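K.L.:
got a predicted model here, sequence first, then my questions.
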Amino acid sequence: MAAKESAGILLFRRPAKGFDVLLVHPGGPFWAKKDLGAWSIPKGEPDEGEDLRRCALRELGEELGSAAPVLPPTDLIELGSIRQKGGKVVHAWGAEGAFDPATLSSNTFALEWPPRSGATREFPEVDRADWFDLTEARRRILKAQIAFIDRLQEQLEGGLI
């Protein structure tokens, strides 16, 4: 059985000093009280046969909402892939863009909650989004995804972008 895959975008901006990246916090009851080490890049699973770059761009829009930046696939910066603790392979690209976290309007998912109650509730896929400098982003993001921040920083500081 093949490992599950996701594709996502690590959005960045260039404030007066350094770089900031946009991270999202997963919605739903399992993540409600988790913060450090729980945030992620906006990402999701590709549809059957879907190009991973296109999936990453689609997921950016689904997780951030209609105010998400529209990015051409040619502007994406290859950040490679990582394998998360649970085995999922995540493919990522960096992109410079603007987003106001106050405009977040994520897709939702249905979940039986509380467990075994028979009641189904809707939860946002993402309940928060925010910009973090690279040091704080490394504290907030899932451990395996730190590699994406490191790879983006190398390219930005190396003048490759």
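P.N.:
That came through fine.
K.L.:
where does pLDDT dip in the chain?
P.N.:
Counting by pLDDT under 70, the chain has low-confidence residues at 1-2, 160-161.
K.L.:
where along it do the strands fall?
P.N.:
5-13, 20-26, 43-44, 77-83, 89-96, 108-112, 120-124, 126-133 (DSSP state E).
K.L.:
among those strands, which is nearest Gly37?
P.N.:
Closest to Gly37 of the strands of the chain, according to CB to CB: strand 20-26, at 11.2 Å. Glycine gets a C-beta too; all of them are placed from N, C-alpha and C.
K.L.:
for that closest one, the distance to its chain's centre please.
P.N.:
Put simply, strand 20-26 sits 6 Å off its chain's centre (CA atoms, centre = their mean, to the nearest Å).
K.L.:
kindly report the same for stretch 22-29.
P.N.:
Counting by CA atoms, centre = their mean, stretch 22-29 is centred 9 Å from the centre of its parent chain.
K.L.:
re the thing from before, of all the strands of the chain, which one is nearest Glu59?
P.N.:
strand 43-44 (3.7 Å).
K.L.:
the closest one pairs with which strands, parallel or anti?
P.N.:
strand 5-13 (antiparallel) (DSSP bridges).
K.L.:
angle of the strand it pairs with against strand 20-26?
P.N.:
Orientation note: strand 5-13 sits at an angle of 140 degrees relative to strand 20-26 (axes from the mean of the first three to the mean of the last three CA atoms, to 10 degrees).
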